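A.B. asks: Build the 3D model from these lines:
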Amino acid sequence: MTLSITRSRAAAWCAAVPSLLLAGAAVAEVPCGNFSSSLGQCINTQLTVGGTSYNVDWYLPNATASALMTLQHGFSRGCGNLRNTSKAIMEKGVMVLCLNASVQGGNPALGQALGETLNARNLTPPLGRPLPVNYIVGGHSAGGHFATEVGARLDALGYAALKGAILFDPVASENFTGNLEAIAAAGTRQVLVIAARPSLANLYNNAFGALQQIANPYVGLQLVWSGYFLGIPYGGSCHTDVEGENGDVIGNTAAGCTPDSTQVARLRDFGSSWARDLGTGTRTAAYYCDNAQNKVNCGSKVASLVNGLLPKALLIRTW
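C.D. replies: Sure thing, here's the model as predicted:
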């Protein structure tokens, strides 16, 4: 009898081992490679969205986060390519989530599924951190379109604490205009963009048409040059500025340019400052204009780039 019970228990334990191992693998939380910050941590783990498990990076501020920002990488890229931009946002007190996933054509199905997961609050940040109530959607290139799918789905589901969108040189696909209008909510939510010069990589700023249709009077900047020498521009903006030193030959070859450190610093300064403001409900005047048609009403950070005969950035106009 004792031997039979022992064998029965052993059989049950052996049967359970694969499930236990699978569950352990699914919830494994490991530090992200090449990451260091005194203000927070980056954790790589798995997240189930729409019934599929995805490898994800979470950026967790040490202090209580003011918001969660989804920050999606571009086509054929990965979350590691956004490492230091995500870090800059995290260091302004905003939790960041990035999925390693295909974003071809903006991947509307996954974007909408993530929106549903966020709306249901059916996700748990690592290390026992609380999930912020406030959400910001963000992304680069095709990941920018992905972000609009997430945001539009949250809006459709009536999620009250969607604070807006921050997009990095987005590339628009089908329904981009409608998505932006849903997120903007007749200008009551912020839609903010840092764009690069027109190129094949951003389909010659094909997102600008939609940005001109939403009600928001200011939607951000198109970085142009780092500076001028004897009237000749140098250090022009690049589609992969958001990746900066986390980029690679493949991404920069596809973009047809290499990120300039000055432009990368500008992009991260604006992007992280906007994220902090959306998360906390504040407005750091230096990073905004009251009206994109009137430079006089632009804050000091914007004015330093857009004023003068040889501007280093252009306002994205929406009128």
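A.B. asks: residue boundaries of the strands in this protein?
C.D. replies: 30-31, 40-49, 52-61, 67-72, 94-99, 135-140, 162-168, 190-195, 220-223, 227-229, 232-234, 313-315 (DSSP state E).
A.B. asks: Give me whichever of those strands is most buried.
C.D. replies: With neighbours defined as mean count of other C-beta atoms under 10 Å, those peak in mean count at strand 135-140, which reaches a mean of 30. Placement of C-beta: from N, CA and C, glycine included.
A.B. asks: Each with direction, which strands does that strand pair with?
C.D. replies: strand 67-72 (parallel), strand 162-168 (parallel) (DSSP bridges).
A.B. asks: Pull the residues that contact the longest one.
C.D. replies: Defining contact as C-beta atoms under 8 Å, 6 or more residues apart in numbering, one finds that strand 162-168 is touched by 67, 69, 85, 134-141, 144, 147-148, 151, 154-155, 180, 183-184, 189-194, 207, 241-242, 267, 271, 274-275, 278-279, 281.
A.B. asks: Alpha carbons of it, in CSV - could you do that?
C.D. replies: Extracted as CSV, the C-alpha positions of strand 162-168 are listed here (Å, rounded to 0.1, in the frame of the first residue of the first chain):
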residue,chain,number,x,y,z
LEU,A,162,-5.7,57.5,-21.8
LYS,A,163,-3.5,60.6,-21.7
GLY,A,164,-2.4,60.8,-25.3
ALA,A,165,0.3,59.6,-27.8
ILE,A,166,4.0,60.3,-28.4
LEU,A,167,5.2,59.1,-31.8
PHE,A,168,8.8,59.0,-33.2
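A.B. asks: Use 37 as the first number for this chain going forward.
C.D. replies: All set: I'll call the first residue 37, so the last point we hit is now strand 198-204.
A.B. asks: Who does the most centrally placed residue in the chain form a beta bridge with?
C.D. replies: By C-alpha atoms, centre = their mean, the chain has its centre lying nearest to L107, at 2.2 Å. Applying DSSP bridges to L107 gives these bridge partners: G174.
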